[in-house]
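1. Quick one, structure for this:
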Amino acid sequence: MSFSDIYDMLFGRDLTWYACLARILISLFTGAVLGLERKIRQQFVGMRTLILISVSSTLLMMLSIYTSGLSETGVRGDPSRIAAQVVSGIGFLGAGTILRQGLNIKGLTSSAIIWVAAAMGLTIGSGFILPALMALLVCEVSLIYLEKVEEKYFPAERAKHLNLVFENKRIDLEALSKLIYANGLIIMTTDVTRILGQKHLSISFSVKVPPTLDIFALTDKIKQIGRLEEFSLTD
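-> Got it, this is the predicted structure:
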């Protein structure tokens, strides 16, 4: 097989059986690479899911190209119609990976990867293989290496509930807030509950917590403000 034959098989518009097979295998490869990265990070979206999305998108794109030339009237159909339906429909599948955990949202990256897998499948199916492989390389570099840059310069802050119960009728709320800020937490909201007839004061904060927080050191410092009876930091 000459180079020109290989070129026509991968990039041409003649959908011979070996051209279809080559594109499906390339699509399988791109979906597997994206899925492997998700499984390494122990996300819900895995290799099989992204392979199915990528290969099926490739198949639909080839079907769209094939059916556009079947008209007996000489008027060729529009090969972008099926692709447009894939683009609009893949959003429903991506939305299923977005989960809310407490005050935090998870799954946005996995949802975006589902979109990428579908886009690559459509691109490979149309014979536009080189840009798809370029996009695969850029996406993998972004997913693997940019995370390290984000962790170094923009450390992730998870939103949590900080609940404190004091055996006091009142405490210095301003001093408590300053202490929380001094330990790297960012207060978003504050709720105070006082149980009448008892010496109990419940204070609830919605806070952003840095990954380097020393919970035990924070607890010891809060004890200096009042008689701390209960401490909890939850999602």
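
2. what sits against the residue positioned nearest the centre of the chain?
-> The structure's the chain has its C-alpha centroid closest to Thr109; by Cα atoms, centre = their mean the separation is 1.5 Å. With contact set as Cβ atoms under 8 Å, 6 or more residues apart in numbering, Thr109 has these partners: Gln43, Leu143. From N, CA and C alone the C-beta is placed, and that goes for glycine too.

3. Got the confidence number for it?
-> pLDDT for Thr109: 81.

4. next one: phi and psi at it?
-> Backbone torsions of Thr109, given as degrees, to the nearest 10, read phi -70, psi -40.

5. got the domain boundaries for the protein?
-> According to automatic domain parsing, the chain comprises the domains 3-153, 158-234.

6. Relative to Phe44, how far out is Thr109?
-> 11 Å (Cβ to Cβ, to the nearest Å).

7. again, but for Lys169
-> Relative to Phe44, Lys169 is positioned 48 Å away (Cβ to Cβ).

8. ok, now Ala117?
-> 14 Å.

9. ok, now Ile124?
-> According to Cβ to Cβ, Ile124 stands 25 Å off from Phe44.

10. what about those two, which has more around it?
-> Here Ile124 and Phe44 are set side by side on neighbour count (other Cβ atoms under 10 Å), and the busier one is Ile124, at 32 against 13.

11. gap between the two ends of stretch 168-179?
-> End-to-end distance of stretch 168-179 (Cα to Cα, to the nearest Å): 18 Å.

12. No further queries at this time; thank you.
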